[in-house]
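In: Quick one: sequence plus predicted model below, questions after.
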Amino acid sequence: MATYLEFIQQNEERDGVRFSWNVWPSSRLEATRMVVPLACLLTPLKERPDLPPVQYEPVLCSRPTCKAVLNPLCQVDYRAKLWACNFCFQRNQFPPAYGGISEVNQPAELMPQFSTIEYMIQRGAQSPLIFLYVVDTCLEEDDLQALKESLQMSLSLLPPDALVGLITFGRMVQVHELSCEGISKSYVFRGTKDLTAKQIQDMLGLTKPATPMQQARPAQPQEHPSVSSRFLQPVHKIDMNLTDLLGELQRDPWPVTQGKRPLRSTGVALSIAVGLLEGTFPNTGARIMLFTGGPPTQGPGMVVGDELKIPIRSWHDIEKDNARFMKKATKHYEMLANRTAANGHCIDIYACALDQTGLLEMKCCANLTGGYMVMGDSFNTSLFKQTFQRIFTKDFNGDFRMAFGATLDVKTSRELKIAGAIGPCVSLNVKGPCVSENELGVGGTSQWKICGLDPTSTLGIYFEVVNQHNAPIPQGGRGAIQFVTRYQHSSTQRRIRVTTIARNWADAQTQLRHIEAAFDQEAAAVLMARLGVFRAESEEGPDVLRWLDRQLIRLCQKFGQYNKEDPASFRLSDSFSLYPQFMFHLRRSPFLQVFNNSPDESSYYRHHFARQDLTQSLIMIQPILYSYSFHGPPEPVLLDSSSILADRILLMDTFFQIVIYLGETIAQWRKAGYQDMPEYENFKHLLQAPLDDAQEILQARFPMPRYINTEHGGSQARFLLSKVNPSQTHNNHYAWGQETGAPILTDDVSLQVFMDHLKKLAVSSAC
Amino acid sequence: MSQQGYVATPPYSQPQPGIGLSPPHYGHYGDPSHTASPTGMMKPAGPLGPTATGAILPPGPPPPGPHQFGQNGAHATGHPPQRFSGPPPVNNVASSYAPYQPSAQSSYPTPMSTSSVTQLGSQLSAMQINSYGSGMAPPSQGPPGPQSATSFQTPPRPPQPSILQPGSQVLPPPPTKLNGPGASPLPPPMYRPDGLAGPPPPNAQYQLPPLPGQTLGAGYPPQQEANSGPQMAGTQLSYPGGFPGGPAQMAGPPQPQKKLDLDSIPSPIQVIENDRASRGGQVYATNTRGQIPPLVTTDCIIQDQGNASPRFIRCTTYCFPCTSDMAKQAQIPLAAVIKPFATIPSNETPLYLVNHGESGPVRCNRCKAYMCPFMQFIEGGRRYQCGFCNCVNDVPPFYFQHLDHIGRRLDHYEKPELSLGSYEYVATLDYCRKNKPPNPPAFIFMIDVSYSNIKNGLVKLICEELKTVLEKLPKEEQEEMSAIRVGFITYNKVLHFFNVKSNLAQPQMMVVTDVGEVFVPLLDGFLVNYQESQSVIHNLLDQIPDMFADSNENETVFAPVIQAGMEALKILFQPQTNVYDSLAKDCVAHGCSVTLFLFPSQYVDVASLGLVPQLTGGTLYKYSNFQMHLDSQQFLNDLRNDIEKKIGFDAIMRVRTSTGFRATDFFGGILMNNTTDVEMAAIDCDKAVTVEFKHDDKLSEDSGALIQCAVLYTTISGQRRLRIHNLGLNCSSQLADLYKSCETDALINFFAKSAFKAVLHQPLKVIREILVNQTAHMLACYRKNCASPSAASQLILPDSMKVLPVYMNCLLKNCVLLSRPEISTDERAFQRQLVMTMGVADSQLFFYPQLLPIHTLDVKSTTLPAAVRCSESRLSEGGIFLLANGLHMFLWLGVSSPPELIQGIFNVPSFAHINTDTTLLPEVGNPYSQQLRMIMGIIQQKRPYSMKLTLVKQREQPEMVFRQFLVEDKGLYGGSSYVDFLCCVHKEICQLLN
């Protein structure tokens, strides 16, 4: 099915879309029997160097409930200068500017290769980007120093006209005024008191006293830039000031007694940051960047008390309902996240500490607003420094790879309805005819807000086929979906990207093979995984696993070829062959297994899983393993314990970690120093090869993965051993009697066992 | 002996006859007052004094000279006789009578009482105060005379009261005449009702005495006064000439009663002058228990010889009654006004510091009293008996010392705590909060930078001044730089804290906008050493005025900011009484004292705001309607003074007493969480705490009443210390002793504080009544138990309380006790606050301002001119007078002031050219100017508040303000004149006696 693979790849490159099914079952009933829902992974801002934006505005369908954008699928009557909306069939007049339109003179949006097109809006005031640093000062001296340097460095990376602000916090929260000469001025807030947005704005002097005149005109932030500019200033004006200010930043001076945690007012600091932007620049692109070195220990949003003898909650505590601050803190951050999202701002969390920092409670801040979440051990590590720097990388046009305040509007043809979305977004609660009753992910709407996104931000969007079985679609009929993403480009322009796709309908009863062949198992795995992770946030882990298992079994029953009650006869076609393996690794992944992970780590992993594109997501589900040896060029090998051989070097990429593992023999050679001997230069090259490859991955990845260089018997080898399929364990390895490979000390089932069970269940008529 | 009895003849009592005759006498001196004064007088001397006394009353007079105390009494006694002889008219008769036939007196009384009425009329014209007089103003002059005579004559009765005769001895001739006639016939009855029904006769008597004196002095009234100097008379001298006429007329028949002659009633000025003359400049050694110190107005050198200097403790009486029954009978408050950090002049020895190292101060095991001269060492020095609780304690080994032959430790004179009344201990860690050595204290300057203050330049003024003032932070003498740390806060509707850490390139400002729940936003760098952070602080102070300069940009928007500024304060300091109260408590608990400088242009609720400074031992300054060009000097002086003055922090005071009595009530800038510990976040050299004592058992005359006041505090360098003041008082079962040992200035201080405290929960009317009643009661008790029998209508004042009525009247007239719409409640609250922390000297001046004639200035002299009484009648068109009460200073310019004086002082050609819109006198090289400014300097010197000078031209509108301070006159806003009040009190007394 090379053709389908090509088709899929082509679509992905052009539109940034991967569907689980590329031929759609034409009835509701059939669709539900497909087990894997009709869904797609959409990367709204996928980089398209070949796609320059057009300098005009899109033409919209005139039906108020539709407003779909003119696209290549529309029927056009060139003579009458009319076009028919392919979603609602409304006939629309072209606007006057399209007067010269003809078969040979078509606007770009009508050409098939422009199924994805980007419009640049010239209207409206352009507002500069805003970066508000929220900095924890309860750090160790060298950590703080490193952080200060990173922040100072970042000033040089910001666009010159971007506005920056600084809030620091510890026991108190300080909002720094940046425009003062001769004296550095800051507004100070108690770290224990929750304040409403109104109070914050009053206290910061952001609200003008009500005068009759101003009451008549509702607040328009642009009208008093002087007020807001006290805290948010263009970088080019105050970079010296701010550099000095950052340089003078001291650790939180309040004494921390033995056995206590420093008092850290993260909750209030964030609340003030949100309130500040809310009052001054609503609905403009802004990043709140929270840098924290420990858990919030006081005030609203506190995650743990300041007594060191009481450790921060673990999964165990949470299961036992013993995490006394969790619910309240989560509520606080959710409230903040929702407000932030409503204002179109996003919150990044950079948490660097050896212990947990409360990401579990704060995750929604990043998740709902499209902000980044970065977790590290210390600000004084290259992991943080480079990750942070990478945020400000630029694309081929010299623009930042970030966009703000986006709304994603999805339109479907009438056979389809929208069930929901999973990704860094919040619902805009726009009901419409194409919104399904059944929710998958964040549903009940046809529009979502994505406050911060980058070229890799990817949403899973789930649909429901609503066409009734008794209303067949004519042969050759196609279903269409249009994605309209309105956003603020990093150059501050407003832009609209429109992607319109169409897929064939097929009758599942008669054309199941077509549908089967058009199954995108990678996309399906990721989409199912997203659903699973989404459920895992609210359900018990075992329930989610059971659900996933059941789905897998049903899928196998539906698409497998087998004789009833004969597991050995079970076969899956190529387009499904990898799917069970993905599920096997997914079950073992940190997204669903919390064992051995702290709640923070789980939140961190899930955060990234819910926003990365398909390739990265797949790596997360099933890490990639390369093997280096003298026997040939590097080759990908099975993620299996049998791949761990004494004379190989392994490179594993789990997305979060890059592990280089030297086999036993290799490690001994290296220890003996052969690589330094001229006659063994090839060994030197062998050692170097994975390092170079790893470097390549490190260069491109965001966030920077943890880089682990280990060898046979090394303590860090556990990163590798925990990922590979335990085909050889202490239980079976003698039985297998193989000399190669490395036994894994685990009771986890191996892929083999998993598959055996799966086959057995699939062919069983019992279920 | 010392009973200085003091008899004033009831004003009218004077039989007309007397009057007729008396005229001459009066003319001389005005004397009755003089006569009266004699009683008060300490000065032995006056020509009269000696002679008279000597001659007539051997017992009293002479001794007076020697004994300070005695003198007065003596004097009084002395005079009487003389007088008696003197008075020509009826009085004379009487008087003459009296001397000769004491017995007669007795008879008189009765008659007098009846007749007194009649006399009253006559006397009204001039109230007479005879030193002894006439005691009770028996109606009929006759009687009084005798009585008085008797009283005087009988030397044995030491406690001769001076008798105040309302009568008009004083009255110049004319009046007398008038009185005479008019009075005799009609008045008597009338007066009585008034209560004043004075004993005319006594007057006569008194007058007589005066005569002699006067005769002497006759030539010159003043002289007489001098003579009588000792007595009140002195003061009155000045006007004899003109005066007689005036008063006389006034006294005139029409309203004789009202017109008691001022000169005839006890004069504070005279009392002050007498004390000054007799004790001023001398050494007063505190070696004797129960001795009465010189008046606060008298300068002398005090030598601590075992009792605390009166600078530290002054008592209302130096002889406590032995039983509570006695105390109740007399109703004299038993109280001490303690000013633990009083400034000691450079010619006196500063307090010694005792350091017992780690063992700390030696204390009684039972009552915890500190080692002091009242501890009695026994058993060869191995043990000692506590003078307070009588517990026998072992002497700690390190403290052992052998005793000498009189049972005194050999090191008695080497150890301050054994031989001195006041000294300090170094406190050990046990005396520190949480057993940790205290941090060095800090000053936090909070500056209101709201719109109005920026606009009128006040903020700039303050910032500029702070640069200078900070150089002069108080420090221990041996230290190079002050240990006091400083911090800065500005506020308008929000608060701005400043980080001025020395290593900062520029100050950091931290804005706290959550005024509902204020907190300190920074730890490090807020409180700094001035020297170390000088450049940053200067940088800051330079910037502050400009920093908020743009707050006027949107004037309309910020119109409410002025109010918001106040709001901020209010929110901060007193939304509700209890919040505010607890704020103050918190302050004290943390050793934080608040001093408030207010610049209100409208009502700011001083009563509430002021509570914080008051409870925390801070000071309240108020500059209403502050105007830069007029008021800045006053403010700057206050600011400097406040910062530079000696102060102790985080203080707890405990007053211990010997058995039989205890401290029951405390008044001042204090906070009390229990009944014994007086907590003060700070206490400076101007703050006094008044302590009232009550009996809980009998006191013995032998052991007396001992008081030990211990103040635990932190010095400006952060050292924890104990300051101990010990004072021994006498006890007596004789009421006479009690009255003899009273101190009116301290009494008034006590009355003022207790009344002002009561203002919060009792109606003013009730409070005033209580004061009047108690005054009457005290005097009536005296009259009943100590004074020689005399006519009931005679007003007899103990010598020690001669001026109690006038002072009491001043207190009653104070705006705090008189609610009048003309006076803002803020002003009342302000004054109330001030008085609550005042020491005796300050309260004395506050209630009875100093009025100095400037036109009679002797440019060659360096002493202050003699003060005159605070009455309009003492002013003259051709005079210039300076008036000061510790808060205000006025220069009153008579319409026909001498041009050369005007030229000299103002450097302008004439009265009309004087610009009164200034608070500073030009510096003119002229001796008048120099002298005047020097005088003002001297007056200002000892006062805690800088006085703003107001120039008042006679007959111009502002004179009204000035007149309020003429406290002997009828108050502008109510309040009776001295004379009226005296009559009123007399009436009360008469009622009580009946």
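Out: Alright, I've got the coordinates. Numbers count the residues shown, from 1 in each chain, chains lettered A, B, ... in the order given.
In: After the lengthiest strand in chain B, which helix or strand is next?
Out: Longest strand in chain B by number of residues, with DSSP state E as the criterion: strand B:720-732. Scanning forward in sequence from strand B:720-732 by DSSP states H and E, the next helix or strand is helix B:735-740.
In: Output that next one as CSV, restricted to C-alpha atoms.
Out: What follows is helix B:735-740, C-alpha atoms only, in CSV (Å, rounded to 0.1, in the frame of the first residue of the first chain):
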residue,chain,number,x,y,z
LEU,B,735,-4.1,65.9,108.4
ALA,B,736,-2.2,69.0,108.9
ASP,B,737,1.0,67.3,107.9
LEU,B,738,-0.6,66.1,104.8
TYR,B,739,-1.8,69.5,103.8
LYS,B,740,1.6,71.0,104.6
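In: Where do the domain boundaries of chain A fall?
Out: A:4-21+A:35-97+A:106-122+A:398-469+A:476-505, A:130-206+A:228-391, A:506-622+A:748-766, A:624-724 (the TED database).
In: quick one: average confidence on the longest strand of chain B?
Out: The pLDDT scores in strand B:720-732 average 93.
In: repeat for stretch A:194-207
Out: 83.
In: Also stretch A:20-32?
Out: On average, stretch A:20-32 scores 92.
In: can I assume A:Asp409 sits in a strand?
Out: Yes: looking at A:Asp409 with DSSP: H, G, I helix; E, B strand; the rest coil, it is inside a strand.
In: what's the span of stretch B:352-368 from first residue to last?
Out: 21 Å (Cα to Cα, to the nearest Å).
In: Name the residues of that stretch that are buried.
Out: B:Val354, B:His356, B:Gly360, B:Pro361, B:Val362, B:Arg363, B:Cys364, B:Cys367 (16 or more other Cβ atoms under 10 Å in any protein chain shown). Using the backbone N, CA and C atoms, a C-beta is placed for each residue, glycine as well.
In: how about the domains of chain A, which one is nearest chain B?
Out: For chain B, the closest of those is domain A:130-206+A:228-391, at 3.3 Å, according to Cβ to the nearest Cβ.
In: can you give me the strands in the stretch 301-450 of chain B?
Out: B:301-303, B:313-315, B:319-321, B:335-338, B:353-354, B:376-378, B:383-385, B:392-394, B:422-426, B:442-448 (DSSP state E, counting those that start in this stretch).
In: With the stretch 101-250 of chain A instead?
Out: A:116-121, A:130-136, A:163-169, A:172-177, A:184-190, A:233-234.
In: The closest residue to A:Thr746 other than its chain neighbours: neighbouring residues, count only.
Out: Of all residues not flanking A:Thr746 in the chain, A:Pro726 sits nearest, at 4.9 Å (Cβ to Cβ, 6 or more residues apart in numbering or on different chains). Neighbours of A:Pro726 under the rule other Cβ atoms under 10 Å in any protein chain shown: 27.
In: quick one: A:Pro726 and chain B, what's the gap?
Out: Computed as Cβ to the nearest Cβ, to the nearest Å, the A:Pro726 to chain B distance reads 55 Å.
In: Am I right that that residue is in contact with A:Val753?
Out: No: using Cβ atoms under 8 Å, A:Pro726 is not in contact with A:Val753, being 9.3 Å away.
In: Now do the helix or strand hosting B:Asn773: everything it contacts.
Out: Taking DSSP H and E as the criterion, the element that holds B:Asn773 is helix B:764-785. Helix B:764-785 is contacted from outside by B:136, B:159, B:161, B:329-332, B:735-736, B:739, B:751, B:755, B:758-759, B:795-798, B:801, B:804-805, B:808, B:811-812, B:817-819, B:984-985, B:988-989, B:991-993, using Cβ atoms under 8 Å, 6 or more residues apart in numbering or on different chains.
In: swap the cut-off to 7 Å and go again
Out: Outside helix B:764-785, the residues that touch it by Cβ atoms under 7 Å, 6 or more residues apart in numbering or on different chains are B:161, B:329-332, B:735, B:739, B:751, B:755, B:758-759, B:796-798, B:801, B:804-805, B:808, B:811-812, B:817, B:819, B:985, B:988-989, B:992-993.
In: same question, stretch B:620-640
Out: Identification of contacts with stretch B:620-640 by Cβ under 7 Å, 6+ apart yields B:456-458, B:461, B:465, B:469, B:596-601, B:606, B:610, B:613, B:830, B:833, B:919-920, B:945-946, B:948.
In: now with 6 Å?
Out: Here stretch B:620-640 makes contact (Cβ atoms under 6 Å, 6 or more residues apart in numbering or on different chains) with B:456-457, B:461, B:465, B:469, B:596-601, B:610, B:613, B:830, B:833, B:919, B:946, B:948.
In: Separate out the buried members of the residues you listed.
Out: Applying 16+ other Cβ under 10 Å to the contacts of stretch B:620-640 flags B:456-457, B:461, B:465, B:469, B:596-600, B:610, B:613, B:830, B:833, B:919, B:946, B:948 as buried.
In: Show me these that map onto strands.
Out: When these are checked against strands (DSSP E), the matches are B:Leu596, B:Phe597, B:Leu598, B:Lys948.
In: what would the buried residues of stretch B:352-368 look like in TSV with distance to B:Lys645 and pLDDT?
Out: Listed next are these as TSV, based on distance: Cβ to Cβ, whole Å; pLDDT from 0 to 100:
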residue	distance to B:Lys645	pLDDT
B:Val354	24	92
B:His356	29	90
B:Gly360	29	88
B:Pro361	27	91
B:Val362	31	91
B:Arg363	30	92
B:Cys364	33	93
B:Cys367	33	91
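In: low-scoring pLDDT stretches of the stretch 551-700 of chain B, where are they?
Out: B:551-584, B:590 (pLDDT under 70).
In: Recalculate using a threshold of 90.
Out: The model of the stretch 551-700 of chain B has pLDDT under 90 over residues B:551-651, B:668-684.
In: Helices of the stretch 201-350 of chain B, start to end?
Out: Assignment of helices within the stretch 201-350 of chain B using DSSP state H, counting those that start in this stretch yields the ranges B:210-218, B:221-228, B:233-236, B:242-251, B:268-279, B:324-330.
In: what residues does the last one touch?
Out: Counting contacts by Cβ under 6 Å, 6+ apart, the residues outside helix B:324-330 that touch it are B:Pro321, B:His695, B:Leu735, B:Leu738, B:Cys781.
In: now the helices: where do they sit in the stretch 751-900 of chain B?
Out: Going by DSSP H, counting those that start in this stretch, the stretch 751-900 of chain B shows helices at B:764-785, B:804-813, B:825-836, B:840-847, B:899-906.
In: For the last one, name the packing helices and strands.
Out: When you say that, I think you mean helix B:899-906. Applying 3 or more Cβ pairs under 6 Å, 6 or more residues apart in numbering or on different chains; DSSP states H and E, one finds that helix B:899-906 contacts helix B:927-941.
In: Extract the CA atoms of the helix it packs on and return them as CSV.
Out: This file holds the C-alpha atoms of helix B:927-941, laid out as CSV (Å, rounded to 0.1, in the frame of the first residue of the first chain):
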residue,chain,number,x,y,z
PRO,B,927,19.8,95.0,72.3
TYR,B,928,16.1,94.8,72.6
SER,B,929,15.8,92.4,69.8
GLN,B,930,18.7,90.4,71.0
GLN,B,931,17.4,90.3,74.5
LEU,B,932,13.9,89.4,73.4
ARG,B,933,15.1,86.6,71.2
MET,B,934,17.3,85.4,74.0
ILE,B,935,14.3,85.3,76.3
MET,B,936,12.3,83.4,73.8
GLY,B,937,15.2,81.0,73.4
ILE,B,938,15.3,80.4,77.1
ILE,B,939,11.6,79.8,77.3
GLN,B,940,11.7,77.4,74.4
GLN,B,941,14.8,75.6,75.6
